[in-house]
Each structure stands twice: as C-alpha cells, then as structure tokens.
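Participant: Sequence and predicted structure, then a few things I'm wondering about:
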Protein chains: 2
Amino acid sequence: MVILDRAEIEGLIDLSVAGTAIEQAYVAASRGLVNLPPVGHITFPDVAADCHIKYGHMHGDPHFVVKIATGFPHNAEQGLPTGNGLSLVLSAQTGVVMAMLHDEMVLTDIRTGLGGAIATRTLARADSTDMLIVGTGPQALRQIESHLAWIGGHLTFKVWGRAAHKAEAIAQTMKDRCTITAVTDLETAVRSADIIVTTTGATAPLIKADWVAQGTHITAVGADAPGKQELETQLVAQADVLVADSGAQCLDHGEVSHAFASATPVTAALVELGHALSEEAQGRTDAQQISIADLTGIAAQDIAIARVVLEAKGVA
Amino acid sequence: MVILDRAEIEGLIDLSVAGTAIEQAYVAASRGLVNLPPVGHITFPDVAADCHIKYGHMHGDPHFVVKIATGFPHNAEQGLPTGNGLSLVLSAQTGVVMAMLHDEMVLTDIRTGLGGAIATRTLARADSTDMLIVGTGPQALRQIESHLAWIGGHLTFKVWGRAAHKAEAIAQTMKDRCTITAVTDLETAVRSADIIVTTTGATAPLIKADWVAQGTHITAVGADAPGKQELETQLVAQADVLVADSGAQCLDHGEVSHAFASATPVTAALVELGHALSEEAQGRTDAQQISIADLTGIAAQDIAIARVVLEAKGVA
C-alpha cells in the first residue's frame, strides 16, 4: 500500500492535469457514469461535530475511492484545523487497498478550488477580467490559484472579508503572483466585478440581488451543508443561467435550495455543470446574462483528484 | 497516525481481553448505546464483488471506527484472498485520524471467532464437552481457538467439511493444542455433539432438524449475507432458545430470516445476545433445550476490537 502525507500529495498535484480530470468527472457524473452510493454520515452531538463518508466508482476506472472527512468546529478554539480526513484508493478488480492519501483535507480544498475555476471558465463572459473573491479562508487562496491556472494571468483580483486584516493578508500572500487588492466595501466591489467567487461559511446572504450588474458571473462554493447561504434568494431567482454541480445536492443544501424551499419563482431552468461542460445543456448564451454556478462538492471530484495523485506517483 | 499491518495487529491481540471488550460491545449495542449508522455498500457487478463500509461510535468512547471490507470472490481464481480491508480509528473529540489498522480482514476473523465463543459460553449447557465444527475455512480455526480461550481446554473437537482433506488439515493444524478429530459423517457427528459451530458459506441447509439432540447448542456464523443458510428452517423453528447478535440483521439475512420469510411458525421468542449476556432477557433455562445463536456480525464488535488493538499498542 502506498501511503502519502499532505506535503507529498500537494507536491504531486498539477492544477492543469487535475482540472482536466475534474472536468471529465463532472461530465461523467452528469451522464450517470459514476456509481455514487448515498453519503455516509455520523454525528457527535456533544461537540457539534460530524464525519462524512463519500465513496464511489467511475465506470471503467481500475480503482474506487472512499473519502472520510471530519468537521469538528470546536477544534478552532485549540488552534487546530476543523477539517480532517483522508482518501483511500482501492482496486475495483481485487478489493485490495492500493493507497492511503492522508491529505488532511488538502485534496478537498484543491478540488473545490478547481471546481470553482471550471465553473467560472464555462459560464463567465470570455472578456471577463475583474474577479472579486468574497471570504478570506483557505478556499479564497485556492480559488485565486485555480482561476489563475485554469483561466489565466489576465485576471485581476479584489478580495473582501468581514475581517479587513484577513483580506489584506490574502492580498499580501498572492501579490507576487497576480494583481490583487483588498477591499472593504462589498457592494461597490460586487457592482464592478465581472466574476464573483463566494467562499464563506455564511448562514445569511452576503450578496444582494440589486448589487449585481448585467453580465456578471457568480461561482458560489460556500454552501456545502444545510443552513448556509451566501447569495440573496432573489439573486438566484432572477439569474438568467443557473448551474449546479449536482442538481439533487444543490436543491437539498446549495444556494438554489433556498429559492426552492421558499417556493420563490425562479427564472432559469437548473442545469448540471457536467451537461453545460459537454454542451448537452446550455450555459451562458448572451453577454448581458447573470449566471450562477452553485457548487456543493461531489464525490466524482474526489475520485478524479485521487486518481491524479496516484498517476503522478506512478501507482495507477 | 499509527499504522499497523496484519502481523503486528495479530501479535497485539489477547483473546481474553478482546473477548471481554466484545462481550461489553454486545451489551452496549443491545442497550442502544452504540451509534451505528446504516452500512455503506458499493457493488462491482462486472466482477460480482462489493465493498461494505461499517462505522459507528460507542457512547463515551474517545474514538470512533470506520471499517472498510471488500469481497472479491474471483480473487480465489488467482490464489488471492477474497476478503480485504482495513479499519480506521478517528478521534471523536477532534476528528483526527489516530490509526489505520491494515488488518486485511484478520480483525473481522478474530472478532467473529470470539463472538461465536461468547454466544456458546452464554447459551450452551455448562457441562458441554463435545464440540463439532462444521466447515474448514479460516473461520473454523478461529472458532476452535476462541472456544479454547473463552470456554476452556476441557472441550474436545470434531471437524467436518465437504472436502475431507481440508478437515484433516484443520485437525493436523490444531492437534498440539487440543483433542481434535476430522469426521466424514456429518449426521452422526451432529447427533452426538453438545455444541455445534457452523462456519460455512452454505446457501442450502447442511444441518437437519431431526439430527439435533435435546440439550444441544448451535452457534451459526456462516450466514452473513442474503441467500446463505446452514441450518434447516425447521431446526430454527423448533429451537427452544433463539438468540441473534442483531435482531434486525438476523431477520434480514441470518439463519432466522428463512423461517420469518417463509412464515414458518417459530417456537422461541427471538432474543438479542447483548440482552442474554446482561440477563435482561432469558437464554437457556433447561438442560434439555436446543439453543441457537444466529450471528451475522455487528459493527460494535469491530469498534471493540479496534480499541483493544489501540490499547495494546499504548495509543488509546
């Protein structure tokens, strides 16, 4: 069995190779070519924590993946990461455990970043340059890196967070790799952005419908569990293009869930990202449209990125 | 993270310590003190294979366990083990992965063996000496070892299998540790046994109801999935004492499932092993009774034996 730790895993990932694999995974998932049983879940009510077990097999792959991810919010009080976990790669021919990727969530962070960039490239206007990142956690950095790798160095970034000093820190960290500024006025930044990527754990909307200009694309990656919401429900309702990584998951707990739960009439038909990527369904058709990608994270991404790591290591 | 392989894990297990832990786990499970979410399952139809993910948390334990077990029957054609897998032990306080027990199924084998011995000690007549093992796979050896450790060296063994040479091999392997003979006539052996332990993967009954003498105890561990059956349905129906490791699982796919599925009237009320162990429910009350323990294997056993390994290693 190959055992890789976080540092080695990070070193093995080429964002371009991984992005291609994840793009293919979205298409396969939307076409029903990934066997994804229901996600396992166990809770630890005493510490308001839980563990998710996502697993699945892409048709034709020689291996399958079991990802175990824990969320223990109280870890933050001790200065520990709140997320943890690993992915196991097993042979789909013999059941033998081929590899343990003890990534401590870094694969989830990277595949989420790439998912955002893939959605943006698919749905934003091709002449987009001004990108606003909302949120200052690790995913804010991942989104900037992924968008640079997947879309290009012509993008310029603004970053906003509730804590201004954290936005400054992100700008400092990235300033040698791109043009980036921390901003303190969210509304103004939203009004002038071509692309908005929201990465917060907000449980009440941050982005108002009437702030968003025609032609803007929004990729929302924060809502990964019930109760989270970054975009005003009316913004989702008015969007011209609505794309979900998984229709079922996003209706359950993504940005689009709030409109559906409150029976708010929605303008656009919901399309899956895999179908938009393969052009089996329509994405943006007009430079004036407002498009939204609602990403909750799917196990097909986990499978794809685990394969990329194994291939880079020379195992698969 | 502590990583242990099969050999080290086997070396760390004391059957007496592990038996005590598993006995407590049965009691806790029957009292509803183990959080056991539904078992995860993914199939690989091309190779008639599957993978089960069992996970759970015993109330108050500082850790929880995720066990991944694969069954790939075609491995046998290449001389490879058909079962594989590992157990992960994670902190229930921080979500950190504490240990990977890459046991390649040995923990499942050992906990199944101990479960059988625990059930036999609880339900067989105290003056039982003659024990018949039906089956010649790895579990036959585990049951002999566990019964010797948990009940005692006064037991004498007969072993029967469809392939006589395999029964001979078991007898040879164990002959320095106990009195053991291979037998070829199953009916005669059944008629004279005090204790019968069935360990086969039979899909049609091997043991007939009218072969079994009054006062006999039977522990059946072979039926771990739908379609398996070692005991004639009428034997289950006529038994005076019927004990299941998990009522729900045994009604779904244990020995008792066949009587229930065919609406065959059953004499005894079904009792859970944990309740019989804690004397919250009645086991054997009379030396003339026929008792049956139907064991399908429960995740509480996996949790308990993983804890035993960690404690022996000095981790937990």
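Facilitator: On my side now, so go ahead.
Participant: is it fair to say residue A:188 lies in a helix?
Facilitator: Yes - when classified by DSSP: H, G, I helix; E, B strand; the rest coil, residue A:188 is found to be part of a helix.
Participant: show me the contacts for it.
Facilitator: Residue A:188 makes contact with no residue, according to CB atoms under 8 Å, 6 or more residues apart in numbering or on different chains. Every C-beta, even on glycine, is put in place using the N, C-alpha and C of the backbone.
Participant: Which pLDDT value belongs to the nearest residue to residue A:107 once chain neighbours are set aside?
Facilitator: Using CB to CB, 6 or more residues apart in numbering or on different chains and skipping the chain neighbours, the partner closest in space to residue A:107 is residue A:305 (5.2 Å). Looking at residue A:305, its pLDDT reads 97.
Participant: Just the buried residues of the helix or strand containing residue A:305, please?
Facilitator: Assigned by DSSP states H and E, residue A:305 belongs to helix A:299-313. Buried residues in helix A:299-313, counted by 16 or more other CB atoms under 10 Å in any protein chain shown: A:299-310, A:312.
Participant: Could you look up the SS state of the nearest residue to residue A:253 once chain neighbours are set aside?
Facilitator: Once flanking residues are discounted, residue A:253 sits nearest to residue A:226: 4.4 Å by CB to CB, 6+ apart. Using three-state DSSP, the structure places residue A:226 in coil.
Participant: Next, the contact list for the residue nearest to residue A:107, please.
Facilitator: Residue A:305 makes contact with A:13, A:18, A:21, A:22, A:107, A:110, A:111, A:114 under the criterion CB under 8 Å, 6+ apart.
Participant: Can you report phi and psi for the fifth one?
Facilitator: Backbone torsions for residue A:107, taken as degrees, to the nearest 10, come to phi -70, psi -40.
Participant: what's the spacing between the residue nearest to residue A:107 and residue B:115?
Facilitator: From residue A:305 across to residue B:115, the span is 39 Å (CB to CB, to the nearest Å).
Participant: ok so, going back, residues touching the residue nearest to residue A:253, list them.
Facilitator: Contacts of residue A:226 by CB under 8 Å, 6+ apart are A:252, A:253, A:257.
Participant: Please name the nearest non-neighbouring residue to the residue in the stretch 151-300 of chain A that chain B sits nearest to.
Facilitator: Chain B sits closest to residue A:299 of the stretch 151-300 of chain A, with a gap of 10.8 Å, by CB to the nearest CB. Nearest in space to residue A:299, with sequence neighbours left out and distances taken as CB to CB, 6+ apart, is residue A:54 at 4.1 Å.
Participant: Ok, residue A:309 next?
Facilitator: residue A:12 (5.2 Å).
Participant: tell me the secondary structure for the residue nearest the centre of chain A?
Facilitator: Nearest residue to the geometric centre of chain A (CA atoms, centre = their mean): residue A:112, 3.2 Å. Assigned with three-state DSSP, residue A:112 falls in the helix class.
Participant: Could you show which parts of the stretch 101-250 of chain A are in contact with chain B?
Facilitator: Taking CB under 8 Å from any CB of the partner chain as the contact definition, the stretch 101-250 of chain A meets chain B at residue A:102.
Participant: so where do the helices sit in the stretch 101-250 of chain A?
Facilitator: A:106-123, A:138-150, A:164-174, A:186-192, A:233-238, A:247-253 (DSSP state H, counting those that start in this stretch).
Participant: give me the number of residues near the residue nearest to residue A:309?
Facilitator: Using other CB atoms under 10 Å in any protein chain shown, residue A:12 has 18 neighbouring residues.
Participant: Assess the claim that it and residue A:316 are in contact.
Facilitator: No - under the criterion of CB atoms under 8 Å, residue A:12 is not in contact with residue A:316, lying 11.7 Å apart.
Participant: Give the residue farthest from the middle of chain A.
Facilitator: Centroid-distance maximum for chain A: residue A:94 at 32.1 Å, with CA atoms, centre = their mean.
Participant: Run through the residues that contact that residue.
Facilitator: Residues in contact with residue A:94 (CB under 8 Å, 6+ apart) are B:72, B:75, B:80, B:84.
Participant: where does chain A dip in pLDDT?
Facilitator: Counting by pLDDT under 70, not a single residue of chain A qualifies.
Participant: hmm, 80 instead?
Facilitator: Scanning chain A for pLDDT under 80 picks out A:224, A:316.
Participant: Where do the domain boundaries of it fall?
Facilitator: A:2-107+A:300-313, A:115-298 (automatic domain parsing).
Participant: Residue A:213 is in contact with residue A:191, isn't it?
Facilitator: Yes - under the contact definition of CB under 8 Å, residue A:213 touches residue A:191, with a separation of 5.9 Å.
Participant: Could you name every residue contacting both of these two?
Facilitator: With CB under 8 Å, 6+ apart as the test, residue A:213 and residue A:191 reach no residue in common.
Participant: show me where the stretch 151-300 of chain A has strands.
Facilitator: With strands called from DSSP state E, counting those that start in this stretch, the stretch 151-300 of chain A shows them at A:156-160, A:179-183, A:195-198, A:217-220, A:241-244, A:270-272, A:291-294.
Participant: Now mean neighbour count too, for those strands, in a markdown table please.
Facilitator: Below are the strands of the stretch 151-300 of chain A laid out as a markdown table (neighbours: other CB atoms under 10 Å in any protein chain shown):
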| stretch | mean neighbour count |
| --- | --- |
| strand A:156-160 | 24 |
| strand A:179-183 | 18 |
| strand A:195-198 | 28 |
| strand A:217-220 | 29 |
| strand A:241-244 | 26 |
| strand A:270-272 | 21 |
| strand A:291-294 | 28 |
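Participant: got these as JSON lines, with distance to residue A:103 columns?
Facilitator: Shown next, in JSON lines, are these (distance: least, CB to CB, whole Å):
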{"stretch": "strand A:156-160", "distance to residue A:103": "25"}
{"stretch": "strand A:179-183", "distance to residue A:103": "27"}
{"stretch": "strand A:195-198", "distance to residue A:103": "22"}
{"stretch": "strand A:217-220", "distance to residue A:103": "23"}
{"stretch": "strand A:241-244", "distance to residue A:103": "26"}
{"stretch": "strand A:270-272", "distance to residue A:103": "27"}
{"stretch": "strand A:291-294", "distance to residue A:103": "24"}
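Participant: Nearest to chain B: which residue in the stretch 101-250 of chain A?
Facilitator: Residue of the stretch 101-250 of chain A nearest chain B, by CB to the nearest CB: residue A:102 (6.4 Å).
Participant: Residue A:108 contacts residue A:299, correct?
Facilitator: No - taking contacts as CB under 8 Å, residue A:108 lies outside contact range of residue A:299: 10.8 Å.
Participant: which neighbours do the two share?
Facilitator: The contact sets of residue A:108 and residue A:299 overlap at residue A:67 (CB under 8 Å, 6+ apart).
Participant: Filter the contacts of residue A:226 down to the buried ones.
Facilitator: Taking 16+ other CB under 10 Å as the criterion, what is buried in those is A:253, A:257.
Participant: Having no further points to raise, I will conclude here.
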